[in-house]
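Enquirer: Sequence and predicted structure below; questions after.
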Amino acid sequence: MADEQVPAEEIAEEVVEVEEEEVAEMNVLDALKEVLKKALVHDGLRKGLHECAKALDRRSARLCCLAKDCENEEYKKLIRALCAEGEVSVIMVDSGKDLGAWCGLAKLDADGEVKKAVRTSCAVITDFGEETRALTVLLDYLQKQADGEE
């Protein structure tokens with residue numbers, strides 16, 4: 001039995017390595033979901049055209065999410081123009097229903113799964129809330145995107 005026991009230091013090192021692998025696997029969409037939830041909790045999330053346009057016009061926006069499936073081209077053009085004017089990064093999300101669910105515009109069932117989601121084509125973050133690993137992943141992605149465009 002004495003041969004099978006592992007020192008506590010080795011167990012702690014193994015746990016740290018597993019946690020680092022999990023953090024490294026966080027993709028941009030998962031990071032965006034978490035950042036949107038933190039912003040919602042800290043009252044730093046604006047949803048819909050009217051609220052987003054006001055936040056972008058006031059230059060209080062830090063990040064903008066726009067749905068790719070928005071049918072109205074004028075809507076997308078307005079949001080992109082306001083973001084360009086205020087030098088705000090834009091992240092394109094595949095579905096407005098997903099964006100609405102991530103922003104808290106959804107009814108959940110008993111298991112915590114989305115039962116019904118309201119579609120939103122635009123969401124703006126004015127306050128990220130607290131510094132998290134997801135925020136760091138998201139900001140690194142945006143920085144890489146900005147460096148790639150230049």
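Expert: Alright, I've got the coordinates. Since the model is a prediction, treat every value here as computed from it, not as a measurement.

Enquirer: only C-alpha atoms for contact and neighbour calcs from this point on.
Expert: Fine.

Enquirer: Tell me where the chain has strands.
Expert: Assigned by DSSP state E, the chain shows strands spanning 45-47, 63-67, 89-93, 106-108, 114-117, 122-125.

Enquirer: CSV please, covering the ones you listed and showing mean neighbour count, distance to residue 132 and mean pLDDT.
Expert: Formatted as CSV, the strands of the chain follow (neighbours: other Cα atoms under 10 Å; distance: least, Cα to Cα, whole Å; pLDDT from 0 to 100):
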stretch, mean neighbour count, distance to residue 132, mean pLDDT
strand 45-47, 24, 16, 92
strand 63-67, 22, 16, 92
strand 89-93, 18, 19, 91
strand 106-108, 15, 24, 78
strand 114-117, 15, 24, 78
strand 122-125, 27, 15, 93
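
Enquirer: Including distance to residue 35, could the ones you listed go into JSON lines?
Expert: Formatted as JSON lines, those follow (distance: least, Cα to Cα, whole Å):
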{"stretch": "strand 45-47", "distance to residue 35": "10"}
{"stretch": "strand 63-67", "distance to residue 35": "10"}
{"stretch": "strand 89-93", "distance to residue 35": "13"}
{"stretch": "strand 106-108", "distance to residue 35": "17"}
{"stretch": "strand 114-117", "distance to residue 35": "18"}
{"stretch": "strand 122-125", "distance to residue 35": "9"}
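
Enquirer: For the residue minimising distance to the centre of the chain, which non-adjacent residue is spatially closest?
Expert: Nearest residue to the geometric centre of the chain (Cα atoms, centre = their mean): residue 32, 1.7 Å. Spatially, and ignoring its direct neighbours in sequence, residue 32 is nearest to residue 138 (6.6 Å; Cα to Cα, 6 or more residues apart in numbering).

Enquirer: tell me how far the ends of stretch 115-135 are from each other?
Expert: Taking Cα to Cα, to the nearest Å, the first and last residues of stretch 115-135 lie 27 Å apart.

Enquirer: so where's the chain shaky on pLDDT?
Expert: Counting by pLDDT under 70, the chain has low-confidence residues at 1-25, 149-150.

Enquirer: mind listing the helices for it?
Expert: Under the criterion DSSP state H, helices of the chain are mapped to 8-24, 28-41, 49-57, 73-86, 96-102, 133-149.
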